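Colleague: any chance you could fold what I've pasted below:
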Amino acid sequence: MAENDDTAGFAPHPLRRALLGELHARPFLPVETPRTFLHYGFTTDDEAAAVDRAWFAEFCRAHGSAGPNAETRHHVLAFGGGALRWESHAEFTTYTWDGTASARTGTPFADEPDGSPFGRDFRAPGPLIVATRLDLIDADQGCNFDALFDPASLAASEIVGGGLIAATDFRPDGHGLTRILVINRGEAPQAVGAACQRLLEVETYRLLALMGLPEAQRQAPQIRRIETGLSEIADEIRTSAGLDANEALLQRLTQLAADLEAGAAASAYRFGASRAYDEIITQRLAALGERALAGRSTWASFLARRLRPAMRTCETTEERQANLSRKLARAATLLRTRVDVELESQNRNLLEAMNRRARLQLRLQQTVEGLSVAAISYYVVGLLGHLFEGAEKAGVPLSTGLAQAISVPVVVLMIWYLVRRIRAHHSDLE
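Modeller: Purely as a prediction, here's the structure:
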């Protein structure tokens, strides 16, 4: 694709080049027989991958070639009579180099390849996870699988329609390298290169997929502890009574749920990655088109016996986490319902007590109102008595006692009426 892509004069999408190039990111290179491959994989995070990209770019320039740019995830450098392939993945980086050791001796795994880049000057981008040696030989060279590999774990099969034979025991040798032997029965270099790359990918993704197993083993004790705690709480729920007891159970249940979610969040990526790697292994083996050799296990059957149980352990751990999360949610819902019901019962009792106090307060208020009418009337009649005495002394023909007696019912009625009006007015304001 052209460097400046302005097809038909249209401005390209920022991801157009990356999307078009993704299908061609890791092409199969033709490989002549015999050949030896050294393949290393290192776990890397974003920072380590960026540092490694810069180092490899400088490494390429030092050997007279342009290195990868900031967007490139795959690059091939001619090196030591072969090709050094660099690949950057989401959580790991691989280096693969092919040399001519088998061509020199004719015996698989006999000598170290000449011109290997993995010497003193090589910089590992992170912890080593994959180390593999693949020797490609002609069919007429002949070999004894049982002398090269551990018969107990040997897997050998015909691949690519019978044009190649691939064998390995998945065990590291004295140099820490997993050995793979490929015998070419006359297959074309392009098909041989594709098959060798797929076999190396199977070994790479096998180890990466197994990284989920230690995480599953690490999570297992915590899951058992939470399951036991949930069982104990479930038994206590049946016999617990009272708001305080249920709130204590709810707090314990919430803590268990928090512990479970923390563990599930920590392991979710690892389990998801293991699933993805396991699917890639299945796809690569299917693409190889294995056919069994007499008396030998195929790669697929061997991995089904050894790798599948580990993957099933990861899947079971995920399922236990999911099921346990649902059970904790149901138990928490039940406890919250009980707590809410008990709170509502307490609130109802509190409201009833408040109603009783309000009724008592109303009765007291009515009593006070009656007493206040009598007290106010008494003072008003007394004031009127002084008024009547003054009028009598001034010569008004009036009997003070009689006038006070006559004013009492009038004053009481007026005071009672005024108190009622004031009370009604306050009620309207409420």
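Colleague: for the stretch 101-250 of the chain, give me the ranges with low pLDDT.
Modeller: Where the stretch 101-250 of the chain drops to pLDDT under 70, the residues are 101-106.
Colleague: quick one, helices of it?
Modeller: 101-105, 145-148, 189-209, 212-239, 243-288 (DSSP state H, counting those that start in this stretch).
Colleague: kindly report the same for the stretch 301-430 of the chain.
Modeller: Using DSSP H, counting those that start in this stretch, helices in the stretch 301-430 of the chain cover 400-429.
Colleague: contact partners for G162?
Modeller: Counting by Cβ atoms under 8 Å, 6 or more residues apart in numbering, G162 touches 185, 291. Every residue, glycine included, has its C-beta placed from N, CA and C.
Colleague: look up how far L29 lies from it.
Modeller: Going from G162 to L29 by Cβ to Cβ, to the nearest Å gives 23 Å.
Colleague: now T204
Modeller: 17 Å.
Colleague: who has more neighbours out of those two?
Modeller: T204 (25 against 17; other Cβ atoms under 10 Å).
Colleague: okay, domains of the chain per the record?
Modeller: By the assignment in automatic domain parsing, the chain contains the domains 24-188, 212-290+298-350, 359-429.
Colleague: can you redo these as CSV with distance to L15?
Modeller: Formatted as CSV, the domains of the chain follow (distance: least, Cβ to Cβ, whole Å):
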stretch, distance to L15
domain 24-188, 10
domain 212-290+298-350, 22
domain 359-429, 69
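Colleague: of those domains, which approaches P14 most closely?
Modeller: domain 24-188 (10.7 Å; Cβ to Cβ).
Colleague: for R198, find the nearest of the domains of the chain.
Modeller: Checking the domains of the chain against R198 by Cβ to Cβ gives domain 212-290+298-350 as the closest, at 4.7 Å.
Colleague: now the end-to-end length of the closest one.
Modeller: End-to-end distance of domain 212-290+298-350: 56 Å, with Cα to Cα, to the nearest Å as the criterion.
Colleague: from H75, how far out is F42?
Modeller: Per Cβ to Cβ, F42 is found 16 Å from H75.
Colleague: how about E32?
Modeller: 21 Å.
Colleague: again, but for G126
Modeller: Applying Cβ to Cβ to G126 and H75 gives a distance of 18 Å.
Colleague: which residue packs closest to G41, ignoring adjacent ones?
Modeller: Sequence neighbours aside, V130 is the residue nearest to G41 in space, at 3.2 Å (criterion: Cβ to Cβ, 6 or more residues apart in numbering).
Colleague: same deal with Q222?
Modeller: Q222's closest residue in space is G263 (Cβ to Cβ, 6+ apart), at 5.4 Å.
Colleague: my guess is L303 meets D278, correct?
Modeller: No - the criterion here is Cβ atoms under 8 Å, and L303 misses it with D278 at 9.2 Å.
Colleague: ok so, going back, redo the helices of the stretch 101-250 of the chain as JSON lines? Include distance to E315.
Modeller: Listed next are those as JSON lines, based on distance: least, Cβ to Cβ, whole Å:
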{"stretch": "helix 101-105", "distance to E315": "40"}
{"stretch": "helix 145-148", "distance to E315": "33"}
{"stretch": "helix 189-209", "distance to E315": "12"}
{"stretch": "helix 212-239", "distance to E315": "9"}
{"stretch": "helix 243-288", "distance to E315": "8"}
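Colleague: now, of those helices, which is deepest in the fold?
Modeller: By mean neighbour count, with neighbours taken as mean count of other Cβ atoms under 10 Å, helix 189-209 ranks first of the helices of the stretch 101-250 of the chain at a mean of 22.
Colleague: tell me which other helices or strands that one touches.
Modeller: Contact partners of helix 189-209 among helices and strands, from 3 or more Cβ pairs under 8 Å, 6 or more residues apart in numbering; DSSP states H and E: strand 35-43, strand 92-99, strand 128-138, strand 164-172, strand 178-184, helix 243-288, helix 299-393.
Colleague: what does stretch 338-347 contact?
Modeller: With contact meaning Cβ under 8 Å, 6+ apart, stretch 338-347 is reached by 237, 242-243, 246-247, 250.
Colleague: and those, which two are furthest apart?
Modeller: I237 and L243 (13.8 Å).
Colleague: R85: how many residues sit nearby?
Modeller: Quick note: R85 (other Cβ under 10 Å) scores 22 neighbours.
Colleague: assumed it was part of a strand.
Modeller: Yes - using DSSP: H, G, I helix; E, B strand; the rest coil, the secondary structure at R85 is a strand.
Colleague: distance check, the residue lying closest to it once chain neighbours are set aside against L200.
Modeller: Spatial nearest neighbour of R85, excluding adjacent residues (Cβ to Cβ, 6+ apart): T96 at 4.4 Å. T96 sits 6 Å away from L200, going by Cβ to Cβ.
Colleague: before we move on, what about T254?
Modeller: 49 Å.
Colleague: and A57, by the same measure?
Modeller: Taken as Cβ to Cβ, the span from A57 to L200 is 23 Å.
Colleague: do the same with L303
Modeller: L303 is 15 Å from L200, by Cβ to Cβ.
Colleague: can you pull the contacts of A273?
Modeller: A273 neighbours (Cβ under 8 Å, 6+ apart): 91, 208, 211-212.
Colleague: do you know the pLDDT at it?
Modeller: Each residue has a pLDDT score; the one for A273 is 95.
Colleague: what about N69, how many neighbours?
Modeller: 9.
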